[in-house]
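Student: requesting a structural model of the entry that follows:
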Amino acid sequence: MPTHAPKPNAPLVAPPVLRPRGSNHVGMRQFNERVVLQAIRLHSSVPKAELARLTGLSAQTIGLITTRLEDDGLVIRHAPVRGRIGQPSIPLALNPDGAFALGIKIGRRSADWLLVDFTGQVRQRESLPYDFPDVATLLPTIAQHMHAIQKGMGDLAPRMVGVGVAAPFNLGGWHKMLGLSQAVFDPWNRIDLCAQVQAMTETPVSFARDTQAACVAELVAGRGRDLKSFLYLFVDTFVGGGMVINSHLHGGIHGNAGAVASLPLQVASPQAPAMDNAPPEQLISMASLWDLEQRFLAVGLEPSAAYDERATDGPYADHTAAWIDRAALGLAQCVVSGTAFLDLDAVVIDGSFSRTMLSRLIAQTTAALERYNWEGLWRTRLIAGDIGSDARALGGALLPLHENFAPDQGLFLKALA
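Tutor: Numbering: from 1, shown residues only. A predicted model of the protein is given here:
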């Protein structure tokens, strides 16, 4: 089978596609290369003639581009397809070893590292649970895991194009709810996490809010491939979300788009600013796994069960059912409020828990939506997300892959959909 892929034992170098190329039209050659890569990514394997049809580029241009991409190790040839009139076609596919990215998720209950290849498949996974991250301890651990993963890549290490960090904008936020002292939470409010990680490596580092990163993963590798506009809700220690409009991740001016944790669940009292009147309860207090943890703790059960299959079994089941009933009420109000502001294809719900628990939460939220007056609104659909607990770290890893290879900086791998 003819191929231009690098020999198995030959050292790979960083792909030249990342370097500026000389051209009378600045950036046009690189842009066209990215469009071709995009078409191949969307269709898995594509012969040159079909690439020309999909991209609108001439057959000669496609030939030149694919030759360069093969030489760069980004594209490989599959076996010729025979049985049709004329010459057999040779499908082209992305080379999984063509490029890599590392996604790092820093959460309130755990940290995760995912090494992702050029096709978006997870090659290596590391995880570290904790009660709450300590800055002085976690930062060295981040560097340790990152360097160990890169070292383990061997000759493929030069193909690492970027590191994506996904973490809450305000990791020390809602510290009173978590019962944290100022000495524990305040350091997180005073550091630039992206800059801290960048100081650990020469590989470029990008940053995204954790639930926005999860939304990116769903957009690129999950249900977002079939939806143009959707609200994304991710239930973790604290609930959060993201927003996709016309296949673009929408962050807003300050990154608040989809920050549903802060959504008030009732109208504020005129006396709310007074010392003896609290502001309205927020969605975070009703639809977060932290609340389920507290329910388990109150009866002597293991709080970490909120994040796995134990939550819906044995002594945990009744407490989880009560939490789902309450969380569904808050999520339903969030869905109705979002629908009133945005014309959505659907609301996608996912989280750091079992698929059984996700199905029950969606069913209860759907039932809660029936209690609202939908007059004047077009009802939206609730859909289960595809990614699960890996969503934030996976989204973090997809950010540098997108920045280096996608044709549109505002569009996540859907330019030709």
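
Student: what about the strands in the stretch 101-250 of the chain?
Tutor: In the stretch 101-250 of the chain, the strands defined using DSSP state E, counting those that start in this stretch lie at 110-117, 122-129, 160-167, 205-209, 230-235, 240-245, 248-249.

Student: what helices or strands is the shortest one leaning on?
Tutor: Spelled out, it's strand 248-249. helix 210-221 (3 or more C-beta pairs under 8 Å, 6 or more residues apart in numbering; DSSP states H and E). Every residue, glycine included, has its C-beta placed from N, CA and C.

Student: go ahead and produce CSV holding the CA coordinates of the helix it packs on.
Tutor: Only the C-alpha atoms of helix 210-221 are listed here, as CSV (Å, rounded to 0.1, in the frame of the first residue of the first chain):
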residue,chain,number,x,y,z
ASP,A,210,-13.8,24.4,32.7
THR,A,211,-17.5,24.2,31.7
GLN,A,212,-16.8,26.1,28.5
ALA,A,213,-14.1,23.5,27.7
ALA,A,214,-16.6,20.8,28.4
CYS,A,215,-19.0,22.5,26.0
VAL,A,216,-16.2,22.5,23.3
ALA,A,217,-15.8,18.8,23.8
GLU,A,218,-19.5,18.3,23.3
LEU,A,219,-19.5,20.6,20.2
VAL,A,220,-16.6,18.9,18.5
ALA,A,221,-16.9,15.2,19.6
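
Student: and it, what's buried?
Tutor: For helix 210-221, the neighbour count (16 or more other C-beta atoms under 10 Å) marks 210-221 as buried.

Student: if we can go back for a sec, Serialize the strands of the stretch 101-250 of the chain to a markdown table and add fields for distance to Ala49.
Tutor: Below are the strands of the stretch 101-250 of the chain laid out as a markdown table (distance: least, C-beta to C-beta, whole Å):
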| stretch | distance to Ala49 |
| --- | --- |
| strand 110-117 | 27 |
| strand 122-129 | 32 |
| strand 160-167 | 30 |
| strand 205-209 | 36 |
| strand 230-235 | 34 |
| strand 240-245 | 33 |
| strand 248-249 | 31 |
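
Student: of the ones you listed, give the one that comes closest to Leu193.
Tutor: strand 160-167 (5.6 Å; C-beta to C-beta).

Student: return the most buried member of the strands of the stretch 101-250 of the chain.
Tutor: strand 230-235 (a mean of 28; mean count of other C-beta atoms under 10 Å).

Student: that strand packs against which elements?
Tutor: Short answer (3+ C-beta pairs under 8 Å, 6+ apart): strand 230-235 packs on helix 210-221, strand 240-245, helix 317-341, strand 346-351.

Student: compute the inter-axis angle for that strand and helix 210-221.
Tutor: Between strand 230-235 and helix 210-221, the angle comes out at 130 degrees (axes from the mean of the first three to the mean of the last three C-alpha atoms, to 10 degrees).
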